[in-house]
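Asks: Sequence and predicted structure are below.
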Amino acid sequence: MSKLFPLGITIIIPLGVIFLILSFPLTSNTGPKSFDPKVFQTDEIELLTAKISEVDSLLTDSILPILADLKGSKEGADKLEQNMMKMKAELANFKHILPKGQNNNKIDELLALVPGDQAWLDEIQDFILLQSSLNNLKIRWEPDIQRVQKGQRMYKQLCMTCHGKNGDGVPVTPEKSVTVPADAESSVLQVRPRDFTGITHKDKKVVFKFISTEREYSPALEDDLRNTIKSGLPGSPMPGFTSLSQEEIDALVDYIKTFAYLTWKYGNVNPKVYVSPKPPHDLEAKVRIDKGRQAYLTLCMACHGDIENGKDPEKDKTVDWVDSSGKPIPIMPRNFAFEPLKKGKFQELFNSIRLGIQGTPMPSNPSLSDEDTWDIISYILHLRKMANEGKLPHKKN
């Protein structure tokens, strides 16, 4: 017990109550930020204007002049020119933020004006770019406010300590919701938490490392985020939240997307998902391991090191992320023998090799054959087996 003596009066207060009073934050604004789509209206109109201007420029500067030259010499050019002029007129009236269904129906009507005949696509290749630009005007996601609010509460409990109040990857201390100084980030967490806002990316892009689409599709699929939340990333502070229900994970994903609301809202609604082939049954075969070793020495060793001969991965590779002073944040390539693999399932390894890892020096390898890719994976598995058996030298640069 403790005694306080204001104005000569003795008041008895339990010590536990005093502790609670002293430890309670001075401000109630200790949680992650709330989401209000109205805040983004001005930015959204500017974004739509820029996207529409991109389409209009394609029509005015490229497609329409070509069609004008082809009139009279190529069948169908007159009709296509009329369709493109109609598209310009429709775009000129596209000045307001529309609900998802109404917006996407209008874009589909414009897409129907673009020829699907391969001969025309070969003749005027900007038609393909036009299709892509129109698809980028589609709304792929609209937030459910109640689900977002549920996700916000979960984010505060499960994510905010590492990923920050603003979703920018700047941690907060566990004791109080106080932002850690930028120069202390590396001492708090050895692996920088994901920045959901893009503010720490050198090009201000929202980038996720492990995705299941081609790199140009940004930022990721919702399923990519769900998988990471559910499974975690071994070898990093990111745990797997296996006890969360699908509904809870969906709510969390929806709230995370609000940190980059407009980036997630607009984009291709039907992206091409990369599906890796099933692994072969002979990944432990010596002939495959030997072929994988040769491919590894050619394609991988420069960054990941000659691990079999005791040479660790190269240090301080430059990446796309910068700290608060604008200085690049270095990254250490994975040691395949001794370190946990963040995505270690066979098909996850395949995806990482073929698609690359966004925001890192790990490139995509689209020209690498399936067999060559499995050979490299076979060699990586061989390295891990040798390390487990104590047959590899370690840290002898």
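Replies: That came through, no problem. Numbers count the residues shown, from 1 in each chain.
Asks: Tell me which helix or strand residue 104 sits in.
Replies: Assigning secondary structure by DSSP states H and E places residue 104 in helix 100-111.
Asks: so where's the protein uncertain?
Replies: Within the chain, the set of residues satisfying pLDDT under 70 comprises 1-30, 173-190, 215-218, 316-318, 324, 395-397.
Asks: Outline the domain layout of it.
Replies: By the assignment in automatic domain parsing, the chain contains the domains 37-135, 145-265, 286-388.
Asks: To residue 278, which of those domains lies closest?
Replies: If you check each of the domains of the chain against residue 278 by Cβ to Cβ, domain 286-388 wins as the nearest, at 7.7 Å. From N, CA and C alone the C-beta is placed, and that goes for glycine too.
Asks: From residue 347, how far out is the most centrally placed residue in the chain?
Replies: Here the mean C-alpha position of the chain is nearest to the C-alpha of residue 208 (Cα atoms, centre = their mean), at a distance of 2.4 Å. Summarising the geometry, the distance separating residue 208 from residue 347, computed by Cβ to Cβ, to the nearest Å, is 18 Å.
Asks: and what of residue 169?
Replies: Separation of residue 169 from residue 347 (Cβ to Cβ): 28 Å.
Asks: More neighbours: which of these two?
Replies: Taking residue 169 and residue 347 together and counting by other Cβ atoms under 10 Å, residue 169 has the greater number of neighbours (19 against 14).
Asks: Need the three-state assignment for that one.
Replies: Classification of residue 169 by DSSP: H, G, I helix; E, B strand; the rest coil places it in coil.
Asks: sorry, back to before: Throw the domains of the chain into CSV and include distance to residue 277, thanks.
Replies: Formatted as CSV, the domains of the chain follow (distance: least, Cβ to Cβ, whole Å):
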stretch, distance to residue 277
domain 37-135, 27
domain 145-265, 14
domain 286-388, 5
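Asks: Tell me, how many residues neighbour residue 330?
Replies: Residue 330 has 12 neighbouring residues, counting by other Cβ under 10 Å.
Asks: Could you report the separation of it from residue 244?
Replies: Looking at residue 330 against residue 244, where the rule is Cβ to Cβ, the gap reads 33 Å.
Asks: repeat for residue 352
Replies: Counting by Cβ to Cβ, the separation of residue 352 from residue 244 is 25 Å.
Asks: Which one's more surrounded, the two?
Replies: Taking other Cβ under 10 Å, residue 352 and residue 244 do not tie; residue 352 has more neighbours (24 against 17).
Asks: which residue sits closest to that one in space, ignoring its chain neighbours?
Replies: Nearest-residue entry for residue 352: residue 343, 5.8 Å, with adjacent residues in sequence omitted and distances by Cβ to Cβ, 6 or more residues apart in numbering.
Asks: Over to residue 109?
Replies: Leaving out its chain neighbours, the residue that sits closest to residue 109 by Cβ to Cβ, 6+ apart is residue 90, at 7.6 Å.
Asks: hang on, residue 251 in a helix?
Replies: Yes: counting by three-state DSSP, residue 251 is located in a helix.
Asks: Excluding chain neighbours, give the residue nearest to it in space.
Replies: Nearest to residue 251 is residue 151, by Cβ to Cβ, 6+ apart, at 3.8 Å.
Asks: how many neighbours does the one you found have?
Replies: Counted with other Cβ under 10 Å, residue 151 comes out at 26.
Asks: Could you measure from it over to residue 115?
Replies: Shown here: residue 151 relative to residue 115, a distance of 43 Å by Cβ to Cβ.
Asks: cool, residue 245 as well?
Replies: Taking Cβ to Cβ as the measure, residue 245 and residue 115 are separated by 47 Å.
Asks: swap in residue 193?
Replies: Look at residue 193 and residue 115: by Cβ to Cβ, they are 47 Å apart.
Asks: Between those two, point out the one with more neighbours.
Replies: Neighbour totals were compared for residue 193 and residue 115, and residue 193 leads with 21 against 18 (other Cβ under 10 Å).
Asks: residues in contact with that one?
Replies: With Cβ atoms under 8 Å, 6 or more residues apart in numbering as the criterion, the residues that contact residue 193 are 162-164, 169, 171, 237-238.
Asks: again, only using 10 Å
Replies: Residue 193 makes contacts with 159, 161-164, 167-171, 185, 236-238, as judged by Cβ atoms under 10 Å, 6 or more residues apart in numbering.
Asks: Helices of the stretch 1-150 of the chain, residue ranges please.
Replies: For the stretch 1-150 of the chain, the helices identified by DSSP state H, counting those that start in this stretch occupy 15-23, 41-58, 64-70, 77-92, 100-111, 118-123, 126-135, 145-158, in order along the chain.
Asks: How far off centre is the third one?
Replies: For helix 64-70, the gap between its own C-alpha mean and the chain's C-alpha mean amounts to 40 Å (Cα atoms, centre = their mean, to the nearest Å).
Asks: what sits up against that helix?
Replies: Applying Cβ under 10 Å, 6+ apart, the contact partners of helix 64-70 are 58-59, 74, 76-85, 87-88, 120, 123-124, 126-127.
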